[in-house]
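In: Attaching a predicted model along with its sequence, questions to come.
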Amino acid sequence: MLAFDGFEAREFALGEATIFARVGGSGAPLLLLHGYPQSHLMWARVAEALSGRFTVVAADLRGYGASSAPPSELGKRYSKRVMAKDAIALMAALGHERFAVAGHDRGGRVAYRLALDHPDRVTKIAVLDIAPTAEMWAGMDAARAMAIYHWMFLAQPAPMPETLISAASDAYLDHTLASWTGDKSLKCFAPEALEAYRAGLRDPARVHALCEDYRAGATIDRELDEADRAAGRRIAAPLLALWGAKGIPAKGENPLDVWRRWAVHARGAAIESGHFLPEEAPEATAQALAEFF
């Protein structure tokens, strides 16, 4: 049951996007950002565990969950730089000028772009089961391309991927989620969350937004990463990298070695899980985050 006990559901009008978030707990502010193709619901068990020590803000990225999905072309409104500005505006609306952030999957990409673009805003950062976007593209060999085929598929020009996904959205979503878990099943997902994820892909505007997210990843986000790497910019805030022992990052270069090239102070560890750490291993994930933050 996804109760989010003690959390308040709120909407924030932030210019071109309205961002939905659940806010609860007390203590230092901690922003939780979800990944593809999900919503803030993926954090339910972790958020409740952390709310005794932190003011937890579990938000839906623009285009996902209950947040609005602004129309876009060529990824322009879904770059991680734009999404990072949403995060800053959201936390400022709650009175938090500086805050910690943890992001899974696409939310992790928003989180590290936020830390690179706005180092004065981020106290600490955790990234879950990702490597930086530029690293992923630079290391694209046959094995990686097969494992993350969706990066290329979703980034194709509109409306081809939108049309194909919408023709069988439930089947596409169920296959995608199950294929990235440790046991290749949907057992780790709460029924309410799974139905919410399916509902998101039944909405053509949200399917388009998700594709725009990946179009940005293939172009704008990759180029921003490459520019930072060329300029020698690194994440100043302490960084925690967590990855699933059965996830995709674990199959390449040691993720911690990768993140040490991008952050001044990085530490991390594998968790016995597939890609979806907060749902497959909520206790271990919550404990690792609590100890770090």
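Out: Yep, it's here.
In: In terms of pLDDT, where does the residue lying closest to Arg202 once chain neighbours are set aside sit?
Out: Nearest residue to Arg202 in three dimensions, chain neighbours excluded: Ser169, at 5.4 Å (CB to CB, 6 or more residues apart in numbering). Every C-beta, even on glycine, is put in place using the N, C-alpha and C of the backbone. Here, the pLDDT recorded for Ser169 equals 98.
In: And for Met1?
Out: Reported pLDDT for Met1: 55.
In: Averaged pLDDT, stretch 119-131. What do you get?
Out: Here the average pLDDT along stretch 119-131 is 98.
In: Could I get the buried residue list for it?
Out: Buried residues in stretch 119-131, counted by 16 or more other CB atoms under 10 Å: Arg121, Val122, Lys124, Ile125, Ala126, Val127, Leu128, Asp129, Ile130, Ala131.
In: quick one, what contacts Val264?
Out: With contact taken as CB atoms under 8 Å, 6 or more residues apart in numbering, Val264 is in contact with Arg234, Ile235, Ala236.
In: Backbone dihedrals for it, please?
Out: The phi/psi pair for Val264 (degrees, to the nearest 10) reads phi -70, psi -40.
In: Shouldn't Met146 be within a helix?
Out: Yes - applying DSSP: H, G, I helix; E, B strand; the rest coil, one finds Met146 inside a helix.
In: How much space separates it from Lys251?
Out: 11 Å (CB to CB, to the nearest Å).
In: ok, now Gly35?
Out: In terms of CB to CB, Gly35 sits 18 Å off from Lys251.
In: And for Val56?
Out: With CB to CB as the criterion, Val56 and Lys251 are 31 Å apart.
In: same deal with Glu192?
Out: From Glu192 to Lys251 the distance is 31 Å (CB to CB).
In: same check, this time on Val258
Out: To Lys251, Val258 is 13 Å away according to CB to CB.
In: Equivalent analysis for Cys211, please.
Out: Counting by CB to CB - Cys211 and Lys251 are separated by 25 Å.
In: Figure out the helix or strand that His150 lives in.
Out: Element membership for His150, per DSSP states H and E: helix 149-154.
In: tell me which strands and helices the helix or strand where Pro161 lies is in contact with?
Out: In this structure, Pro161 sits in helix 160-167 according to DSSP H and E. Where contact means 3 or more CB pairs under 8 Å, 6 or more residues apart in numbering; DSSP states H and E, helix 160-167 is packed against helix 204-218.
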